[in-house]
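Engineer: Sharing a model that was predicted from the sequence below.
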Amino acid sequence: MPQQYSGIIMMLVMMVFFYLFLIRPQKKKEKEFEQMRNSLAVGDNIITIGGIVGKVVIVKDDYITIETSGMNTRLEITKWGVSAVIK
């Protein structure tokens, strides 16, 4: 009888392991990125996923406009394209 339950117990232990060490941290990281992207404000310096560095000049619902380099080049990008906010 205990031999039959050992397989089920191992499966449950593996599922708990995957949840605690893989799924939960990934969801936490996604939530932090979403919060960071929703809190973008005019004047923030950012880095895009593609590596472009710029300063936020306009914030809309799904898009932001950034200004790059000394030539005042403006680019409109989606918020999900923001990788990090530079402090």
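Structural biologist: Happy to help now that I have it. Numbers count the residues shown, from 1 in each chain.

Engineer: Going by C-alpha atoms from here, please, whenever you check contacts or count neighbours.
Structural biologist: OK.

Engineer: Let me know the next secondary structure element after the longest helix along the chain.
Structural biologist: The single longest helix within the chain, with elements called by DSSP state H, is helix 2-18. For helix 2-18, the following helix or strand on the C-terminal side (DSSP states H and E) is helix 24-38.

Engineer: Compute the number of surrounding residues for the closest residue to Asn38 other than its chain neighbours.
Structural biologist: Among residues not flanking Asn38 along the chain, Lys79 sits closest, at 7.9 Å (CA to CA, 6 or more residues apart in numbering). Counted with other CA atoms under 10 Å, the neighbours of Lys79 add up to 20.

Engineer: in terms of contact, does Lys79 touch Arg37 like I think?
Structural biologist: Yes - counting by CA atoms under 8 Å, Arg37 is a contact partner of Lys79 at 6.1 Å.

Engineer: Tell me, what's the model's pLDDT at the spatially most central residue of the chain?
Structural biologist: The structure's the chain has its C-alpha centroid closest to Phe33; by CA atoms, centre = their mean the separation is 3.1 Å. In this model, Phe33 is scored at 92, pLDDT.

Engineer: got it, and Gln4?
Structural biologist: According to the model's per-residue confidence, Gln4 sits at a pLDDT of 80.

Engineer: and if you look at Glu30?
Structural biologist: We have a pLDDT of 93 for Glu30.

Engineer: change the start of the numbering to 58 and stick with it
Structural biologist: Okay, using 58 as the starting number, the last item reads as Glu87.

Engineer: quick one: it and Phe78, what's the gap?
Structural biologist: For Glu87, the distance to Phe78 (CA to CA, to the nearest Å) stands at 15 Å.

Engineer: Equivalent analysis for Lys112, please.
Structural biologist: As it turns out, when the distance is counted by CA to CA, Lys112 lies 36 Å from Phe78.

Engineer: okay, the angle between the helix or strand bottoming out on mean pLDDT in the chain and helix 81-95?
Structural biologist: The helix or strand of the chain with the lowest confidence, counting by mean pLDDT, DSSP states H and E, is helix 59-75 at a mean of 89. For helix 59-75 against helix 81-95, the angle between stretch directions is 20 degrees (axes from the mean of the first three to the mean of the last three CA atoms, to 10 degrees).
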